[in-house]
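In: Predicted model follows, preceded by the sequence.
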Amino acid sequence: MDRAMDGGHAMTGLFSLEGRKALVTGANAGIGSAIAVTLAGQGAHVVCAGRRNCDETVARIAAAGGAAESLTLDFADPMAARDVFGGAGFDILVNNAGTIRRAESVDFTEADWDDVVDVNMKAVFFTCQAFGRELIARAAPARWSRSPRCCRFRAASACPPTPRPSMAWPG
């Protein structure tokens, strides 16, 4: 693998992911695409996942000699995450997918809100949960948050304080 995979930076050679399989959500563009390319540059087989196809990211990886495939899937559906991990042998999860709706708070619909929460909160939690279950079933070595039992509370409690300041009326 040449240095083109990481944009010519000195990442190549720092660590190897040969023989590892990674899932990167939101890999169809931006940060997710860059992460997928970097992981492949270190030798990982990367499954590039997103609501839209990740063919461009996969093509960049293949052109540089890496191994990747595209998976079009909506991780906002908790069952989708469970289905992806069932025996797939992933070693790495990069839970990068996210969405934003650009609208004034007073114009934001319940459907808009539900979509943002489903992708940015529910999908993250249930994708991590499915990945964790897969690692446990395989007795795979892993690193977890120092307090995994608190993650449900932290994920749910992080949201309420956030909208208030942004909804304040100036003047």
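Out: In hand now; what should we look at?
In: Please count neighbours and contacts with C-alpha atoms only from this point.
Out: Fine.
In: how about the helices in this protein?
Out: Here the chain has its helices, by DSSP state H, at 30-41, 55-63, 78-85, 110-117, 123-138, 151-158, 163-167.
In: residues of the longest one that come out buried?
Out: What that stands for is helix 123-138. Ala123, Val124, Phe125, Phe126, Thr127, Cys128, Ala130, Phe131, Gly132, Glu134, Leu135 (16 or more other CA atoms under 10 Å).
In: Same check on the first one?
Out: Along helix 30-41, the positions that meet the burial threshold by neighbour count (16+ other CA under 10 Å) are Gly32, Ser33, Ala34, Ile35, Ala36, Val37, Thr38, Leu39, Ala40, Gly41.
In: How about the contacts made by the spatially most central residue of the chain?
Out: Centroid-nearest residue in the chain, with CA atoms, centre = their mean: Asn95, separated by 2.3 Å. Residues near Asn95 by CA atoms under 8 Å, 6 or more residues apart in numbering: Val24, Thr25, Gly26, Val124, Thr127, Cys128.
In: Next one, pLDDT for the closest residue in space to Glu18 that isn't next to it in sequence please.
Out: Here the nearest residue to Glu18 in space, its sequence neighbours aside, is Gly43; by CA to CA, 6 or more residues apart in numbering that works out to 4.4 Å. pLDDT recorded at Gly43 is 97.
In: what sits against Gly43?
Out: Residues in contact with Gly43, defined by CA under 8 Å, 6+ apart, are Met1, Ser16, Leu17, Glu18, Gly19, Arg20, Gly66, Ala67.
In: Quick one, which of these are buried?
Out: For the contacts of Gly43, a burial check counting by 16+ other CA under 10 Å picks out Leu17, Arg20, Gly66, Ala67.
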